[in-house]
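1. sequence and computational prediction follow.
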Amino acid sequence: MPAKEHPISVLCDAHTIPMLMFLRENGPSRKTDIYSAVGRSASMPQKIDRMVSAGLAEVSPVGISEVVGLTGLGMAVADRLADIDGLMADAGSQ
């Protein structure tokens, strides 16, 4: 029987944490803006889909573009990641 995947495993995907932090700082953004800021990879759409499936983000059509925004859960996770980032930055400056 395969092992159950933990919900936090979505954060292990490359670019997922940077996308969460980008959306936390910039608010809902077009996919193309996220790709430009975080990284271009053929798998980026699948990574966004995985964030949506995990309940961290939602995608809305706006004209011919799609806008990605954080859900309440996504914002809470991003806030905690920002706290961790701050702790690590403080520890590195000591």
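-> Happy to help now that I have it.
2. so where do the strands sit in this protein?
-> Using DSSP state E, the strands assigned to the chain run over residues 29-30, 57-62, 65-70.
3. in JSON lines, list those strands along with distance to Ile84 and mean neighbour count.
-> C-beta here means a position set from N, CA and C on the backbone, and glycine is covered the same way. What follows is the strands of the chain, written out as JSON lines (distance: least, Cβ to Cβ, whole Å; neighbours: other Cβ atoms under 10 Å):
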{"stretch": "strand 29-30", "distance to Ile84": "22", "mean neighbour count": "16"}
{"stretch": "strand 57-62", "distance to Ile84": "19", "mean neighbour count": "14"}
{"stretch": "strand 65-70", "distance to Ile84": "17", "mean neighbour count": "17"}
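4. now tabulate these in JSON lines and tack on mean pLDDT and distance to Met44.
-> As requested, those are arranged in JSON lines below (pLDDT from 0 to 100; distance: least, Cβ to Cβ, whole Å):
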{"stretch": "strand 29-30", "mean pLDDT": "96", "distance to Met44": "13"}
{"stretch": "strand 57-62", "mean pLDDT": "96", "distance to Met44": "12"}
{"stretch": "strand 65-70", "mean pLDDT": "96", "distance to Met44": "11"}
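5. quick one: low-confidence parts of the chain?
-> Residues of the chain that meet the criterion pLDDT under 70 lie in 1-4, 94.
6. please enumerate the helices of it.
-> Secondary structure of the chain (DSSP state H): helices at 16-26, 31-38, 44-53, 72-92.
7. can you put the strands of the chain in JSON lines and add distance to Gly92?
-> Supplementary listing: these in JSON lines, determined by distance: least, Cβ to Cβ, whole Å:
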{"stretch": "strand 29-30", "distance to Gly92": "29"}
{"stretch": "strand 57-62", "distance to Gly92": "29"}
{"stretch": "strand 65-70", "distance to Gly92": "27"}
